Structure formats: C-alpha cells, structure tokens
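[1] Model the following, please.
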Amino acid sequence: MTPVYSAPALPTVAWLRDVLKDKGIRCVIRNEFLSAGAGELPPNETWPTLCVLDRHQLPFAQAIIAEFESESSYANAPDWLCSHCGASNEAIFSACWQCATPDTRLA
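    Numbering: from 1, shown residues only. Coordinates of the predicted model:
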C-alpha cells in the first residue's frame, strides 16, 4: 500500500479515489475517519490519505493525480451534460449525479 495523495478535506481525497477506481486502479483511503483525532495528534497525520494497493499501478495513479494538481480549479471549469440522461453535472463529478453514467470527457 503506497500513499499517493493526502489532503485535509475528505471529499477531495474520496473524489480522487473514485477517479482512480474508475480507471481500474485499486486503492483505499487511510485515515478516513481519523479527523476526530485532530488536536490530539499532529493535523497532517490525521489527514485522509489515498493509497494505491498495487505498486505496478503506482505510476499511472501518480500521473492522474499530477494532472489533477496541475489543473487550475474545478470551481471555474464548465459543467458537463450527461450523454445518457442529459442531466447537468458540475465539473468535479466523474459520473452523472442522476444516473451514474461516467463522464465521457475522461475517457
């Protein structure tokens, strides 16, 4: 199990986990529920950490995360329309919120 990304906000780490899993990369979040220990433990040690389970998939996971980190911000990215149901989705979603169809822009 190799750590590839850590952040103070669980939603970002969970979103990246879902992106990696959608690409076939086996991964888990370590410290997912440890934020309750913040204050008693050093803050960065309680951050959720995304870990890749197969070391052979590590370079692929690192490339995906590097691309995520190099993008300016999803806050300014355009929404996308689901190719299956037509629902409008925020840029940060990798699958439709309504029908779970993957974002075809990520293929």
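[2] does the spatially most central residue of the chain belong to a helix or a strand, and which?
    Compute the mean C-alpha point of the chain, and by CA atoms, centre = their mean the closest residue is Leu16, 0.9 Å away. Assigned by DSSP states H and E, Leu16 belongs to helix 10-22.
[3] Can you tell me what sits against that helix?
    If you take CB atoms under 8 Å, 6 or more residues apart in numbering as the criterion, helix 10-22 is touched by 5-7, 27-29, 32, 35, 47-50, 52, 61, 64-65, 68, 92, 94-95, 102, 106. Quick note: C-beta positions are derived from backbone N, CA and C, even for glycine.
[4] which element follows it toward the C-terminus?
    In N-to-C order, the element after helix 10-22 by DSSP H and E is strand 27-30.
[5] Just the CA atoms of that following strand, as PDB, please.
    Written as PDB, here are the backbone C-alpha positions of strand 27-30 (Å, rounded to 0.1, in the frame of the first residue of the first chain):
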ATOM      1  CA  CYS A  27      -6.900   2.000  -3.900                       C
ATOM      2  CA  VAL A  28      -8.100   2.800  -0.500                       C
ATOM      3  CA  ILE A  29      -8.300   5.800   1.800                       C
ATOM      4  CA  ARG A  30      -6.300   5.600   5.000                       C
END
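[6] Of the contacts of helix 10-22, keep whichever come out buried.
    5-6, 27, 29, 35, 47-50, 52, 61, 64-65, 94-95 (16 or more other CB atoms under 10 Å).
[7] Now do the residue nearest to the centre of the chain against Lys23, distance only.
    Separation of Leu16 from Lys23 (CB to CB, to the nearest Å): 11 Å.
[8] Also Cys96?
    In terms of CB to CB, Cys96 sits 17 Å off from Lys23.
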